[in-house]
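Enquirer: starting from these lines, generate the structure:
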Amino acid sequence: MQSQSPDKKHVHVTFLGDSTIDNKVWVDGIFKNIFFTWLGIKHDEPAVRVKKSHHWFGWFGPTLSVVENVMDMLPNEAIHDYTNDGFTTKDLLYGNFKDKVFGNGWLSLFPHQWFDPIKKGSEDIKKSDYIILSIGGNDFREFLLSANRLTGEARKAYIQGHFPALLKCIHDRYLLIYKQLRELNHHARIILMTQYYPAVLQSNPLLKIYPFMHEIGQALNMGGDEHEAMNVIHEIMQQTYAAIFKHIADDHNLVVVDITSSLNPYDNHNYISQIEPSGIGGKKIAQMLKYVMTGNQIAGGFAYRFAPAFFEANNQSSQSVASTALSQWVPMHPYDLYENGKLANGAGIKLFAQNKPTLLTEKSVSVKEITNQQPRI
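Expert: Next comes the predicted model:
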């Protein structure tokens with residue numbers, strides 16, 4: 001856990017979650033981290049990395065993680081970071097080893113230490129003005145890795161028998177995390193981050209996410225008649241978060257940053273290895289977080305989505321932001337986040353090309369309507 005000189009700060013911000021926030025390994029580069037670890041080179045503290053990023057030779061300097069970008073954008077806040085790459089909802093609730101993902105052999109990048117984020121961070125959580133939570137993506141990732149060990153009917157049976165239970169576990173644990181945070185701190189504004197769609201034009205050979213979405217659709221009759229991958233993942237996002245929001249919509253000191261509807265999965269610049277925020281994507285996430293922490297018109301019980309114009313230089317105004325009551329929240333469809341998808345005047349009006357991209361399935365991967373680049377899913 002890294003804190004930013006809290007004794008001289010007045011506003012306290014605590015982060016909890018996974019590599020959606022703790023993406024430093026990814027923006028630095030896996031092999032660079034391995035090389036530094038082999039040589040025993042000590043990594044700079046976040047405050048040092050932020051400072052180095054502003055040097056005149058900054059293009060040689062570090063690419064900042066999400067937390068470091070927030071530190072850079074809000075230098076007067078005390079930042080308390082209790083995130084850990086690879087953690088699931090279960091890990092956040094009950095703890096796990098920090099090196100659960102990068103802990104074997106040459107990929108050993110984290111110390112083999114038990115980490116219980118909520119327990120470890122309880123004192124900082126109690127005094128925080130903002131508590132930022134992003135968790136759940138690794139629950140899906142671990143399920144997918146387990147399913148990928150199977151084939152044929154066994155794999156279909158595994159999806160049918162275990163995927164609905166996974167969604168229930170995520171739902172129940174997410175609400176338990178929320179309950180524990182509220183018990184520790186009644187006054188803080190809790191900021192929940194929804195999960196972004198994985199990159200469409202990148203591939204992760206261990207996961208094969210979008211073909212797997214198609215399989216889920218076939219096994220559980222999701223995503224319409226064709227069980228199209230994009231329809232399936234949209235349906236999963238909607239059902240999962242809507243069920244959670246139903247129980248917390250009355251908390252008027254809670255807001256949701258709708259990353260799902262804001263980060264374009266067709267823009268390769270936003271991602272690394274298909275499922276991790278890049279330096280550019282991470283900065284966009286930090287910009288959204290900064291807005292909901294500093295904006296004058298932020299109301300509890302609402303989700304905030306951000307149009308592409310919001311991320312343009314000097315254009316982070318309310319005109320590029322739309323809000324939706326949590327009880328009415330529906331994520332934007334991936335197709336509507338394609339580069340032609342716009343929010344008009346912050347009113348949530350979708351202006352999208354009439355012809356949708358070709359459906360993405362294992363048998364149909366040519367999407368010339370989207371890009372000249374062949375997508376790899």
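
Enquirer: give the buried residues for the longest helix belonging to the chain.
Expert: If you go by DSSP state H, the chain has its longest helix at helix 152-184. Neighbour counts over helix 152-184 (16 or more other C-beta atoms under 10 Å) mark 155-156, 158-159, 163, 166-167, 169-171, 173-175, 177-178, 180-182, 184 as buried. C-beta here means a position set from N, CA and C on the backbone, and glycine is covered the same way.

Enquirer: what does stretch 306-325 give?
Expert: Neighbour counts over stretch 306-325 (16+ other C-beta under 10 Å) mark Phe306, Ala307, Pro308, Phe310, Phe311, Gln316, Ser320, Val321, Ala322, Ser323, Thr324 as buried.

Enquirer: from those residues, which ones fall inside strands?
Expert: Members of those lying in strands (criterion: DSSP state E): Phe306, Val321, Ala322, Ser323, Thr324.

Enquirer: could I get those as TSV with distance to Gln195 and pLDDT?
Expert: As requested, these are exported to TSV (distance: C-beta to C-beta, whole Å; pLDDT from 0 to 100):
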residue	distance to Gln195	pLDDT
Phe306	15	94
Val321	19	93
Ala322	19	94
Ser323	19	96
Thr324	17	96
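
Enquirer: pull the number of nearby residues for the residue nearest to Leu207 when sequence neighbours are not counted.
Expert: Spatial nearest neighbour of Leu207, excluding adjacent residues (C-beta to C-beta, 6 or more residues apart in numbering): Leu144 at 5.5 Å. Using other C-beta atoms under 10 Å, Leu144 has 20 neighbouring residues.

Enquirer: likewise for the one 4 residues further on?
Expert: Residues contacting Asn148 under the criterion other C-beta under 10 Å number 13.

Enquirer: pretty sure it is in contact with Leu206, am I right?
Expert: Yes - using C-beta atoms under 8 Å, Asn148 is in contact with Leu206, at 7.4 Å.

Enquirer: returning to what we had before: among the ones in strands among the buried residues of stretch 306-325, which two are most distant?
Expert: Phe306 and Thr324 (12.4 Å; C-beta to C-beta).

Enquirer: so what sits against both of those two?
Expert: When C-beta atoms under 8 Å, 6 or more residues apart in numbering defines a contact, the residues bordering Phe306 and Thr324 alike are Asp258.

Enquirer: got the contact list for Glu68?
Expert: Lys24, Pro46, Arg49, Val50, Ser53, Pro62.

Enquirer: cutoff 7 Å now
Expert: Glu68 is in contact with Pro46, Arg49, Val50, counting by C-beta atoms under 7 Å, 6 or more residues apart in numbering.

Enquirer: got CSV for these, with neighbour count and secondary structure too?
Expert: Rendered in CSV, the data for the contacts of Glu68 read as follows (neighbours: other C-beta atoms under 10 Å; DSSP: H, G, I helix; E, B strand; the rest coil):
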residue, neighbour count, secondary structure
Pro46, 22, helix
Arg49, 20, helix
Val50, 23, helix
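
Enquirer: least confident pick among those?
Expert: By pLDDT, Pro46 ranks lowest within the contacts of Glu68, coming in at 79.

Enquirer: quick one: the helices in the stretch 1-150 of the chain?
Expert: Using DSSP state H, counting those that start in this stretch, the helices of the stretch 1-150 of the chain run over 24-28, 30-39, 46-52, 66-73, 89-94, 117-120, 122-126, 137-147.

Enquirer: what comes into contact with the last one?
Expert: For helix 137-147, the external contacting residues (C-beta under 7 Å, 6+ apart) are 18, 20, 86-89, 155, 158-159, 163, 166, 170, 195, 206-207, 212.

Enquirer: sort those by pLDDT and name the bottom one.
Expert: Within the set of the contacts of helix 137-147, pLDDT is lowest for Leu206 (86).

Enquirer: so what pLDDT did Val27 get?
Expert: For Val27, the model assigns a pLDDT of 76.

Enquirer: and if you look at the one 10 residues further on?
Expert: The per-residue pLDDT reported for Thr37 equals 64.

Enquirer: thinking again about what came up before, helices and strands around the longest helix of the chain, which ones?
Expert: helix 89-94, helix 122-126, helix 137-147, helix 209-220, helix 229-248 (3 or more C-beta pairs under 7 Å, 6 or more residues apart in numbering; DSSP states H and E).

Enquirer: deepest of these, which one?
Expert: helix 209-220 (a mean of 22; mean count of other C-beta atoms under 10 Å).

Enquirer: now that one: how far from the chain's centre is it?
Expert: 21 Å (C-alpha atoms, centre = their mean, to the nearest Å).

Enquirer: just stretch 66-76 next, same as before
Expert: 17 Å.

Enquirer: and what of stretch 306-324?
Expert: 19 Å.

Enquirer: now swap in stretch 152-166 and tell me
Expert: With C-alpha atoms, centre = their mean as the basis, stretch 152-166 stands 25 Å off its chain's centre.

Enquirer: now swap in stretch 183-200 and tell me
Expert: On C-alpha atoms, centre = their mean, the centre of stretch 183-200 falls 9 Å from the chain's centre.
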